[in-house]
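Asker: Sharing a sequence plus its predicted fold:
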Amino acid sequence: MGLCALLAAVADRHPTRIAFVDQASKPAWCGRPAIAWTYAAAREIVARLAEGLQQLRLPPRSPVGLCMAGMAEAHLAYLAIEQAGHVPCLLPVTWHEGRLLQAVEAAQVLAVLTQGVLGAERPAERLCRVAARYFPLRFIAAFGPHVPDGVLSLDQIVLDHRGDAASLGAGSVAGLVTFAVPGPAPAGRPGAAGPLPEPEGAPQAVLREAEALTAAAAAFLVPLRAEAGDRILSLLPPSDLKGLATGLAAALLAGAALECHPVFDAGALSSALDQPQPTHLVAPAWMEAGFARTTVPGRVRTLAYVHRAPCRLSTRLPGRPGVVDTVAFDEVALLCGRRDAQDVGLVLASPERAASAPERAASAPERTGLLQLRRDPDGRLSFRGPACATRMLRRSTTQDENHDGWSASRFRASLFAGVATAVTEI
């Protein structure tokens, strides 16, 4: 089941339920209005966008890039690519032209959906320069304002096409592509001098089937305990596995509302948290110390911190009920656990805890749960299960590099007194 089918299922039963909410300060950084979309309205717009994409006559299962900030239009565009029968390829909107070119070549992207304005940046113009250097990239489409000449207007596509909302979610789902960048991940918080530098190495395209994304989102929802009608408020960009599985996929699977804040605005965040709707906040792990000094933890039902390996786990505040930790191992797997039960530090120290059915784990620990974890003799962490089924994509061909079903990572856990205190590189 793909995400479009989840959207359609909720729209059929609860059409007026809110699906996507824009950050209140959105007009200031992209020139577009902030809108709250119901599930029914979202289904209609997705159907129109999908109809427009089908008019491009791309071959079935074509890789189509998505290079947008975390706003409602990005979620609608992702679903439209899926509904059109193509493969969404998540391109971080903050990447520079050279890195975007590497990613587009790695996945052999034929079209890209983007936006005209993001603060002082012009993503659509940047991708036009990428297309000039990569001939197979045939189509670029963008939400306005400031759509360059030669770029298709997605706003116009919505107006010109009706689509068939009733068929949303029908047909096979082609999966999705995210990009892993080799090399050490940046650690800590960006300083006053600007953002942290990009890690070295060309992006590697990772193909994930729709079922694997749904399984990863389900593994996140187990400790999150989000219910239908709740709100997931995410501060993560929806441009990789950790952002997508904890955001769009989790919200649609739970039947919840998704509100993304791609540009950090303390005032807008505080106002959003003051709303009475039950809220689950998803934030980068480096923000924990700052949130601990505020009233934020008391205003949310769950506070989910997302760590990017390599990372230190010893700096977490102990004894915090209602806190969920998620550790992202590149684009391979997400390990999730509630801090007051099934903590990720305990699971990394004792991999058998990752089995979701303890009563079955004794007889077949390697076959239980959405995600299985093992520690190899050299300390390397490996993963297996529906939530981490991936293949490397090289020049449009897939390569399964793990014949025994286990996906090896480049990380190991540092242990102290039976608890993992850090995740380090091999």
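Answerer: Right, received. Where do you want to start? Numbers count the residues shown, from 1 in each chain.
Asker: Go through the helix or strand where His280 lies and flag the buried ones.
Answerer: Using DSSP states H and E, the element containing His280 is strand 279-284. For strand 279-284, the neighbour count (16 or more other Cβ atoms under 10 Å) marks Thr279, His280, Leu281, Val282, Ala283 as buried. (Each C-beta comes from the backbone N, C-alpha and C, glycine too.)
Asker: Now do the contacts for the third one.
Answerer: Listed by Cβ atoms under 8 Å, 6 or more residues apart in numbering, the contact set of Leu281 reads Leu233, Ser234, Leu235, Leu273, Val296, Val300, Thr302, Leu303, Ala304.
Asker: hang on, the earlier thing: turn the buried residues of strand 279-284 into CSV, including distance to Met392.
Answerer: Output for the buried residues of strand 279-284, formatted as CSV (distance: Cβ to Cβ, whole Å):
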residue, distance to Met392
Thr279, 37
His280, 32
Leu281, 33
Val282, 27
Ala283, 30
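Asker: quick one: which of these is nearest Leu49?
Answerer: Of all the buried residues of strand 279-284, Leu49 sits closest to Val282, with 25.6 Å by Cβ to Cβ.
Asker: Would you mind measuring from the closest one to Leu221?
Answerer: To Leu221, Val282 is 12 Å away according to Cβ to Cβ, to the nearest Å.
Asker: same question, Leu371
Answerer: Look at Leu371 and Leu221: by Cβ to Cβ, they are 13 Å apart.
Asker: Okay, now stretch 304-324: how far is its last residue from its first?
Answerer: 4 Å (Cα to Cα, to the nearest Å).
Asker: Look at the residue lying closest to Gly255 once chain neighbours are set aside and report its pLDDT.
Answerer: Of all residues not flanking Gly255 in the chain, Ala228 sits nearest, at 3.8 Å (Cβ to Cβ, 6 or more residues apart in numbering). pLDDT for Ala228: 96.
Asker: how many other residues sit next to Ala228?
Answerer: Look at Ala228: counted by other Cβ atoms under 10 Å, it has 12 neighbours.
Asker: what are the ranges of the helices in the stretch 101-250 of the chain?
Answerer: Per DSSP state H, counting those that start in this stretch, the stretch 101-250 of the chain carries helices over the ranges 123-133, 154-160, 210-224, 241-245, 248-254.
Asker: How about residues contacting the helix or strand where Thr326 lies?
Answerer: Assigned by DSSP H and E, Thr326 belongs to strand 323-329. Contact with strand 323-329 is made by 220, 223-224, 240-242, 246, 285, 297, 302-309, 311, 313, 316-317, 334-340, 343-344, 348, 381, 383, 409, 411, 423, as judged by Cβ under 8 Å, 6+ apart.
Asker: Buried among the residues you listed? Make that a PyMOL selection.
Answerer: This is the PyMOL syntax for the buried subset of those, where burial follows 16+ other Cβ under 10 Å:
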select buried, resi 220+223+224+240+241+242+246+285+297+302+303+304+305+306+307+308+309+311+313+316+334+335+336+337+338+339+343+344+348+381+383+409+411+423
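Asker: what about Leu224, distance to Thr326?
Answerer: Applying Cβ to Cβ to Leu224 and Thr326 gives a distance of 9 Å.
Asker: overlap in contacts of the two?
Answerer: In contact with both Leu224 and Thr326: Ala304, Cys336, using Cβ under 8 Å, 6+ apart.
Asker: In contact with Thr279, which residues?
Answerer: Asp230, Arg231, Ile232, Leu233, Ala272, Leu273, Arg299, Val300, Arg301.
Asker: Switch the residues you listed over to CSV; also include distance to Thr214 and neighbour count.
Answerer: Formatted as CSV, those follow (distance: Cβ to Cβ, whole Å; neighbours: other Cβ atoms under 10 Å):
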residue, distance to Thr214, neighbour count
Asp230, 18, 20
Arg231, 20, 23
Ile232, 16, 25
Leu233, 21, 25
Ala272, 27, 20
Leu273, 28, 18
Arg299, 30, 15
Val300, 25, 19
Arg301, 23, 16
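Asker: Pipe those into JSON lines and attach distance to Pro33 per row.
Answerer: Listed next are the contacts of Thr279 as JSON lines, based on distance: Cβ to Cβ, whole Å:
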{"residue": "Asp230", "distance to Pro33": "25"}
{"residue": "Arg231", "distance to Pro33": "20"}
{"residue": "Ile232", "distance to Pro33": "22"}
{"residue": "Leu233", "distance to Pro33": "19"}
{"residue": "Ala272", "distance to Pro33": "17"}
{"residue": "Leu273", "distance to Pro33": "22"}
{"residue": "Arg299", "distance to Pro33": "26"}
{"residue": "Val300", "distance to Pro33": "26"}
{"residue": "Arg301", "distance to Pro33": "29"}
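Asker: of those residues, closest to Leu252?
Answerer: Closest to Leu252 out of those is Ile232 (10.1 Å), distances taken as Cβ to Cβ.
Asker: Got the confidence number for the closest one?
Answerer: So Ile232 comes in at 98 (pLDDT).
Asker: picking up where we left off before, let me know the closest of the contacts of Leu281 to Gln108.
Answerer: Ser234 (29.7 Å).
Asker: hmm, back to that, just give me the least confident of the contacts of Leu281.
Answerer: Comparing the contacts of Leu281 by pLDDT, Val296 comes last, at 92.
Asker: Where does the prediction get shaky in the stretch 201-350 of the chain?
Answerer: Within the stretch 201-350 of the chain, the ranges that satisfy pLDDT under 70 run 319.
Asker: Please enumerate the strands of it.
Answerer: 204-208, 231-234, 257-260, 279-284, 302-308, 311-312, 323-329, 333-338 (DSSP state E, counting those that start in this stretch).
Asker: now the angle between strand 333-338 and the strand holding Thr326, please.
Answerer: Orientation of strand 323-329 against strand 333-338 (axes from the mean of the first three to the mean of the last three Cα atoms, to 10 degrees) gives an angle of 170 degrees.
Asker: Strand 323-329: partners in the sheet, and parallel or antiparallel?
Answerer: Paired neighbours of strand 323-329 in the sheet (DSSP bridges): strand 302-308 (parallel), strand 333-338 (antiparallel).
Asker: still on that earlier bit, between the buried residues of strand 279-284, which is nearest Val130?
Answerer: Val282 (29.9 Å).
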